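> Quick one, structure for this:
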Amino acid sequence: MSYSTRSRRLTRLWLSLGLMSLLAACHGTSHMAKELPQPDPLALATVQPEYRLSPGDVLLVKVFQVDDLERQIRVDNDGNVTLPLIGSVSAAGKGVAEFEREVADRYRKSYLQDPQVSVFVQEANGRRVTVTGAVDEPGIYPVIGANLTLQQAIAQAKGVSNIASRGNIIVFRTVQGQKMIARFDLGDIEHGKSPDPEIYGGDIVVVYRSDARLLLRTVLELTPFVMVWRAYR
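Numbering: from 1, shown residues only. This is a model prediction of the structure:
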């Protein structure tokens, strides 16, 4: 099966799931949202500087003036990494600064007098966003840095395709155990008419196709827009 065929099938699947979710939202409430609340405190913590390392994270470890010790490594399923000379080091659950100190202490004990260790999180497994639908490269992308906006998330997927309905960008999020939904107009965001909302790890961004606009519009006409989120089940 070709990539384009898989992409089309994935798009159709998300369109169906999204429309089902919208219909469920209409059934449970008379409103749909245009504003994003922040996620749960635990989820929000993963986008703050005190982010705790987790299995699957990709780290770049550097030791000042010792180039041979530089490594790009992935935290394994047990929460450990393997570094030259010192072997396995526990990483999961630790902040970056704490992990840097532990690695430095391990090198200091046996090999280096005053090691200066720097650790950079290049890919945070706990901070990923799904971008799908009418984009050029649908997929699951890491949230790199402290913040990610809707425009940036779509840019990671190489932008919207030529069949996209730019006024129908749907974001799914779980807040306090409830699944929530909101719709955004990419054109309004690009022209400064609407703010560019923040996107967090765990969010799902669906860009609808223009040929789904009529069906989507029929659903949305039943849900007047207000500036609050409503849950759907």
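> C-terminal to the top strand by length along the chain, which secondary structure element comes first?
In the chain, assigned by DSSP state E, the strand with the most residues is strand 164-175. Sequence-wise, the next helix or strand downstream of strand 164-175 (DSSP states H and E) is strand 178-184.
> Just want the angle from that following strand to strand 164-175.
With axes from the mean of the first three to the mean of the last three Cα atoms, to 10 degrees applied, the angle from strand 178-184 to strand 164-175 works out at 150 degrees.
> residues touching Ser161, list them.
Neighbouring residues of Ser161 by Cβ atoms under 8 Å, 6 or more residues apart in numbering: Ala134, Val135, Asp136, Val207. All C-beta spots, glycine's among them, are computed from the backbone N, C-alpha and C.
> can you tell me which of the residues you listed are in strands?
Here DSSP E is the test, and the contacts of Ser161 give Val207 as lying in strands.
> Out of the contacts of Ser161, which comes closest to Glu102?
Distances from Glu102 to the contacts of Ser161, taken as Cβ to Cβ, are shortest for Val135 (40.1 Å).
> Show me what that closest one is bridged to.
On the basis of DSSP bridges, Val135 is bridged to Val160.
> Please name the residues that touch it.
Residues in contact with Val135, defined by Cβ under 8 Å, 6+ apart, are Ile154, Ala157, Lys158, Gly159, Val160, Ser161, Ala164, Val207.
> any idea how the chain splits into domains?
3-45+127-232, 58-123 (automatic domain parsing).
> Rounded mean pLDDT for the shortest one, please.
The reference is to domain 58-123. Averaged across domain 58-123, pLDDT comes to 92.
> For this structure, which segments are assigned as strands?
32-33, 58-63, 71-74, 80-83, 87-90, 117-123, 128-133, 139-142, 164-175, 178-184, 204-209, 225-226, 230-232.
> Among those, show me which one is buried the most.
Mean neighbours per residue, mean count of other Cβ atoms under 10 Å, is largest over the strands of the chain for strand 204-209, with a mean of 24.
> Pairing partners for it, with directions?
Sheet pairing for strand 204-209, assigned by DSSP bridges, gives strand 128-133 (parallel), strand 164-175 (antiparallel).
> quick one: which of those strands is nearest Asp188?
Smallest distance to Asp188 across the strands paired with strand 204-209 (Cβ to Cβ): 7.9 Å, for strand 164-175.
> Put the alpha carbons of that closest one into CSV.
What follows is strand 164-175 as a C-alpha-only set of coordinates in CSV (Å, rounded to 0.1, in the frame of the first residue of the first chain):
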residue,chain,number,x,y,z
ALA,A,164,-8.0,21.3,3.4
SER,A,165,-10.8,23.3,4.8
ARG,A,166,-8.8,26.0,6.6
GLY,A,167,-11.8,27.1,8.6
ASN,A,168,-12.3,23.7,10.2
ILE,A,169,-9.4,22.8,12.3
ILE,A,170,-10.5,20.6,15.2
VAL,A,171,-8.5,20.1,18.4
PHE,A,172,-9.3,17.2,20.8
ARG,A,173,-8.0,17.3,24.4
THR,A,174,-8.6,15.4,27.6
VAL,A,175,-9.0,17.6,30.7
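> Could you report the distance from Gly177 to Asp203?
With distances taken as Cβ to Cβ, to the nearest Å, Gly177 is found 16 Å from Asp203.
> Thanks again, I'm all set now.
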